[in-house]
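Undergrad: Whatever this is, show me its structure:
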Amino acid sequence: DILQKVLWLPKVEVWPTVPVSNATMANQNDSAALLTSGDDEPVEVVTIFGRKYSWVQRFATPKAFVALLTLFSFSQSMLISGFLPNSITSIQRQFGLSGTQMGALVGVYDGTVAVAALALTHYAHRTHTPRWLARGMISFALGCIIFLLPLIVGQRYRPGSVAVSELCDGASDGAACQSHESHMFILFLLGMIVLGLGSTPIYTIGLTYLDDNISPQYLSMTLGVFYSANALGPAIGYLMGGAMLDVYVYPGDEPERLSPKSEGWVGAWWVGFTCPLVICTLVFSLFYLVPKHLPNTAWIRALHNKHTASSGKLSFAASVKRLVSNPTWVGVAIGNLCDVALVSGVGNFLPAFVETQFHLTSSKASFLSGVCVVTGVTAGMVLGGILPRYFKWSAKQIARAMFIFSMIDVPLLALLLIQCDNTELAGLNTPYAVPPLPNMSIWQGCQPACGCDTLAYNPVCDKSSGITFYSPCAAGCLSLAGTGDYTNCSCVPDNANTSGMLASLTTGKCKADCKTMPVFLLLLFAAMMMLLINTVPITQVHLRCVEQELRSFGLGVASFMSRILGATVAPICVGLLMDQACALWQTQCTGDRGSCYEYHNKQMGNSLFVVTVCIKGVSTLAYGVGWQYFPKERDEPYEAANGKDAGEVHELDDRSEA
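TA: This is a model prediction of the structure:
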C-alpha cells in the first residue's frame, strides 16, 4: 500500500492459519484463533516497522473500533449538519453566492455520497474495512482544506457601503452594488465532492463491520450509542457555529461601525471546518491499527452464515435484482427514504418556520427549535437502540415496532397546524393611515417625497397600534433620537395629518400575542423522537432481511435512494412550497428577487402539514409491508437470542471470551 509507505503507517501481518472445526476455539500465543464455518481463518496482528507492541493490540477490540467510528461520525455530522448550515449566510455574503448555488453545494454532497455508496458497498466489503475508513478520514480532511482555500487564496473581504437613507429626507438615490468573487464557487463545489467521498464509508461498510464483529446481544445497544453520538455532532456544531458567527471573519480586524447586527457582517465561518480537519488528521492513522476482523468474532459471522444460503459472488445487476425482489428490503428502504425526506426537507426550514410563525428573532428561533430537535433525535436514537435488546425482539418484531412507531408519529405532525397571526405590515396586510398614491409600493410608504429605497428593509414598530412599517422612511420618520427610536413619523395612525408628529417607532417588527409556542415545542420534541426512533431498527432490519453477501450492498443502495430522492430532492421541494407562501420578497441591488421577508403563516403551515402527512403516510405503509413480508428463515438469529437456540448463541459468546 503506497499510502502506508509514504506516511509510515502501521502494517498488518497475518499469522499462520490455525485449523479449527465448527464451534471450536483455540488459542495461539496471546491471541485467540478464530472460529470458522468450515474454512480456516487467519489471525491478524498489527505491527509497526515489523515489531509487535502490546498497546497496538488494544485497538483490535470492539470498544476501540466503536470509539473510532463514532468519533469519525461525530466529526462528519458536526460539520455537515451543524457548522455548514450556520455558515451559509456568511459564505454567501463574503463570496457573493446565490441561494441556488448554496443549494447546489448541499445537493452535490448528498449526490456524491449516494453514488459513491453504491460502488463502495459492492466492492469494498470484500476488502479491509478499517483501511477504507482511514482513507475516508483522509478524504474528509482534504475536503475541509479545499473548502477553506477561497478564504486563503481569495481577495480580502471588505464590506461594501450601501447608499440608502433610513429617514424620510428624499436623499436616497439607489444602492451601490458590491462585487464579489463568485468564481470561488468551483473550489467550494470540489470541496463538497471530496467531503462526500470521505463520508461514504461511515454509514455503509462501517456499520457492516460492526454487525460482523459485535455480538448480536449487544449490537442494538452499540448502534444506539453510535447514532446518539452522531446526533450530538449537529448540536455542538450549531452551538459552536452560532458563537463563532459573532466573531468577525478576520478576528481583531473588524471595520469601524460594523457589528454582528450589521448587514455586511461576515462571521468566522471557517472555524467550523478547522475542527473536523484537526480531528481527522489526528485520528485517521488509528484505523490502520484495527485488523480486518476482530479477534474472537468469527463465531458471529458463522452464526450469520448458518442461516444464510450463500450463492457466491453476485454481479451488480444480480445483486440489485435480489434486493428489489425482497419485499421487506424494498418496504424498509422506501420508509427510510420518506423519513429522510422529512428530516432533510422540513428540518432545513424549521428555524424559518418557527421564526415566522411565532415572531421570534433568528437566534432565538434557532436555539429553541435546535434544542427540541436535538433532544428529540437523541432520545429517539437511544430508545431505538435500547428497546430491541430490553424486550429481546426478533428481527421481524423489530420491523413490527417500526410500523407502530411510524403510526404514532403521524398525528404528532399536527404541530404544523399550530399557527399565529401574521405581522400587521403597513401596505401589505394592513392599510396605511394616510392612503398612499396609486401604484405606490409597500417600501415607498405614504409619503412619495421621502424617496424611500426598496433595499432598505429595516422594519420598525408602532407599539401603540401594533403596526409594523417596512422601514423608518416608509413610516415617514424624519429624525433618529439618541435612544435609537425614530421620531416625527407622519405615517403613524395617531399622528397622521397633524403638525406635531411626535410619534416614535422602535426598531424591529411588532410582537404578536401568540401563546401556543410551548405546545408546538412539546409536539416537536415528540414528533422528532418518534421519527428518529426507527434509525437503529432500520439498520438492523436491513442487515437481517437479505443474504450475507448482500448486506453491505443493501445498505449502500438504500443510502443511495434516501440521498438522491430524499436528502437531495426534498429540500428543493419544500423550498418551493415555502416560496409559494411568500408575501413579501427581497429586491436585490441588481433588480433580481432575493430571499423572502414575510410569509403567509396559515398557507405555509397548512401546505407543509398536508405534504408531511402524505409522506409519513407512505412511510408507515412501507414499514407495514416490510413487517408483513419479513422472510421467516432470516429471523432465526434473533429468535435464537430470544430463547429458541439461546444456548448456541450464549455458548459461542462465552467461549469466545474465554
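Undergrad: where does the stretch 551-658 of the chain dip in pLDDT?
TA: Along the stretch 551-658 of the chain, the parts satisfying pLDDT under 70 run over 586-595, 636-658.
Undergrad: try 90 this time
TA: For the stretch 551-658 of the chain, the stretches flagged by pLDDT under 90 are 551-601, 603-604, 631-658.
Undergrad: now the helices for it?
TA: Along the stretch 551-658 of the chain, the segments classed as helices by DSSP state H, counting those that start in this stretch run 551-561, 569-580, 601-628, 636-641, 646-657.
Undergrad: Generate JSON lines for these, with mean neighbour count and distance to Ile202 as supplementary columns.
TA: Heads up, the C-betas are built off the backbone N, CA and C, glycines and all. Output for the helices of the stretch 551-658 of the chain, formatted as JSON lines (neighbours: other CB atoms under 10 Å; distance: least, CB to CB, whole Å):
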{"stretch": "helix 551-561", "mean neighbour count": "25", "distance to Ile202": "10"}
{"stretch": "helix 569-580", "mean neighbour count": "17", "distance to Ile202": "21"}
{"stretch": "helix 601-628", "mean neighbour count": "20", "distance to Ile202": "24"}
{"stretch": "helix 636-641", "mean neighbour count": "21", "distance to Ile202": "25"}
{"stretch": "helix 646-657", "mean neighbour count": "15", "distance to Ile202": "27"}
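Undergrad: Wait, His359 touches Asp513, no?
TA: No. Counting by CB atoms under 8 Å, His359 does not reach Asp513; the two are 9.5 Å apart.
Undergrad: So which of those two has more stuff around it?
TA: Neighbour totals were compared for His359 and Asp513, and His359 leads with 22 against 8 (other CB atoms under 10 Å).
Undergrad: I'd say Leu142 and Ile193 touch.
TA: No. Taking contacts as CB under 8 Å, Leu142 lies outside contact range of Ile193: 10.7 Å.
Undergrad: Low-confidence ranges, the stretch 251-400 of the chain, go.
TA: Counting by pLDDT under 90, the stretch 251-400 of the chain shows low-confidence ranges at 251-272, 283-324, 340-379, 381-382, 384-386, 388-396.
Undergrad: what helices or strands is the one helix or strand Leu368 maps to leaning on?
TA: Using DSSP states H and E, Leu368 sits in helix 362-390. Contacts defined by 3 or more CB pairs under 8 Å, 6 or more residues apart in numbering; DSSP states H and E place helix 362-390 against helix 216-244, helix 327-358, helix 395-412, helix 517-532, helix 535-544.
Undergrad: Can you give me the distance of Arg322 to His359?
TA: 54 Å (CB to CB, to the nearest Å).
Undergrad: what's in contact with stretch 419-434?
TA: Outside of stretch 419-434, the residues within contact range by CB atoms under 8 Å, 6 or more residues apart in numbering are 357-359, 436, 441-443, 445-447, 459, 466-470, 474-476, 490-493, 496-497, 509-510, 512, 514, 516, 583-584, 598-602, 605.
Undergrad: for stretch 585-603, how far is the first residue from the last?
TA: 16 Å (CA to CA, to the nearest Å).
Undergrad: same thing with stretch 277-294?
TA: End-to-end distance for stretch 277-294: 28 Å, by CA to CA.
Undergrad: coming back round to it: filter the contacts of stretch 419-434 to the buried ones?
TA: Among the contacts of stretch 419-434, those buried by neighbour count (16 or more other CB atoms under 10 Å) are 357-359, 436, 442-443, 445-447, 459, 467-470, 474-476, 490-493, 496, 509-510, 512, 514, 583-584, 598-601, 605.
Undergrad: Please flag which of those residues sit within strands.
TA: Counted as lying in strands by DSSP state E, out of those, are 467-469, 583-584, 598-599.
Undergrad: Redo those residues as JSON lines? Include distance to Ser406.
TA: Output for these, formatted as JSON lines (distance: CB to CB, whole Å):
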{"residue": "Ile467", "distance to Ser406": "45"}
{"residue": "Thr468", "distance to Ser406": "41"}
{"residue": "Phe469", "distance to Ser406": "46"}
{"residue": "Ala583", "distance to Ser406": "34"}
{"residue": "Leu584", "distance to Ser406": "37"}
{"residue": "Glu598", "distance to Ser406": "35"}
{"residue": "Tyr599", "distance to Ser406": "29"}
